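Trainee: Got a predicted model here, sequence first, then my questions.
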Amino acid sequence: MAVPVDTQHFLRLEIVAPDGPVYDGDVAMVIIPAVGGEMGILPRHAPMVAALAIGECRVKTPANEWFSVAVAQGFAKVQFDKVIILADAAELASEIDLERAEKAYDEAQKKLESCRLGVADEDDCLDPYVEEKAVARAKNRIKVVRKV
């Protein structure tokens, strides 16, 4: 005998960055950029915690529409019907300013190149690891907003 499917069952998604909440609402599905690869999460998912990579988080709404969020490193915690994403940075694709993202990418590239060449000013105190992550975050924001 077939088990009836509850079509009104959704996930509660909370995306939080250091600046505050980015998204809080019911969704049908979430695809997160986990360190080991993308992971799809549906309602009634087994509890888990996953480390996030810099990438695109794709969200399917109850109205069967998709939207994207650019996320940086962090963690996703799944608890049956709730997903909490805690990211170092997160921004809805619809709110990303492409011109600002491209400028941030160019500046991060310049700083990274200064680190690599060893020509950074002593006052800058640049860290190559931090600058590489800044380049990756800016590049991700540009990729995500261009898909919209």
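Mentor: Sure, I can see it. Numbers count the residues shown, from 1 in each chain.
Trainee: and the residue nearest in space to the middle of the chain, what does it touch?
Mentor: Nearest residue to the geometric centre of the chain (Cα atoms, centre = their mean): Val71, 1.8 Å. Neighbour list for Val71: Ile15, Ile32, Pro33, Leu52, Ile54, Gly55, Glu56, Cys57, Ile85, Ala87, Ala89, Ala90 [criterion: Cβ atoms under 8 Å, 6 or more residues apart in numbering]. For glycine as for every other residue, the C-beta is placed from the backbone atoms N, C-alpha and C.
Trainee: again, 10 Å this time
Mentor: By Cβ atoms under 10 Å, 6 or more residues apart in numbering, the contact list for Val71 reads 15, 17, 22, 32-33, 52-57, 85-91, 137, 140-141, 144.
Trainee: Same check on His9?
Mentor: His9 makes contact with Asp26, Ala28, Leu42, Pro43, Arg44, Pro62, Asp81, according to Cβ under 10 Å, 6+ apart.
Trainee: how far does the helix or strand of the chain with the lowest mean pLDDT sit from the chain's center?
Mentor: Among the helical and strand segments of the chain, the one scoring lowest on mean pLDDT, DSSP states H and E is helix 98-117, with a mean of 85. Distance of helix 98-117 from the chain centroid (Cα atoms, centre = their mean, to the nearest Å) equals 20 Å.
Trainee: Quick check: buried residues in it?
Mentor: Going by neighbour count (16 or more other Cβ atoms under 10 Å), the buried part of helix 98-117 is Ala101, Ala104, Tyr105, Ala108, Lys111, Leu112, Ser114, Cys115.
Trainee: CA atoms only for that helix, dumped as PDB, please.
Mentor: This file holds the C-alpha atoms of helix 98-117, laid out as PDB (Å, rounded to 0.1, in the frame of the first residue of the first chain):
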ATOM      1  CA  LEU A  98      27.500  43.500 -10.000                       C
ATOM      2  CA  GLU A  99      29.600  46.600 -10.400                       C
ATOM      3  CA  ARG A 100      30.600  46.600  -6.700                       C
ATOM      4  CA  ALA A 101      31.300  42.900  -6.800                       C
ATOM      5  CA  GLU A 102      33.600  43.400  -9.900                       C
ATOM      6  CA  LYS A 103      35.400  46.200  -8.100                       C
ATOM      7  CA  ALA A 104      35.900  44.100  -5.000                       C
ATOM      8  CA  TYR A 105      37.300  41.300  -7.200                       C
ATOM      9  CA  ASP A 106      39.800  43.600  -8.900                       C
ATOM     10  CA  GLU A 107      40.900  45.000  -5.500                       C
ATOM     11  CA  ALA A 108      41.300  41.600  -4.000                       C
ATOM     12  CA  GLN A 109      43.300  40.400  -7.100                       C
ATOM     13  CA  LYS A 110      45.700  43.400  -6.700                       C
ATOM     14  CA  LYS A 111      46.300  42.700  -3.000                       C
ATOM     15  CA  LEU A 112      46.900  39.000  -3.700                       C
ATOM     16  CA  GLU A 113      49.400  39.900  -6.500                       C
ATOM     17  CA  SER A 114      51.200  42.300  -4.100                       C
ATOM     18  CA  CYS A 115      51.500  39.400  -1.600                       C
ATOM     19  CA  ARG A 116      52.800  37.000  -4.200                       C
ATOM     20  CA  LEU A 117      55.400  39.500  -5.500                       C
END
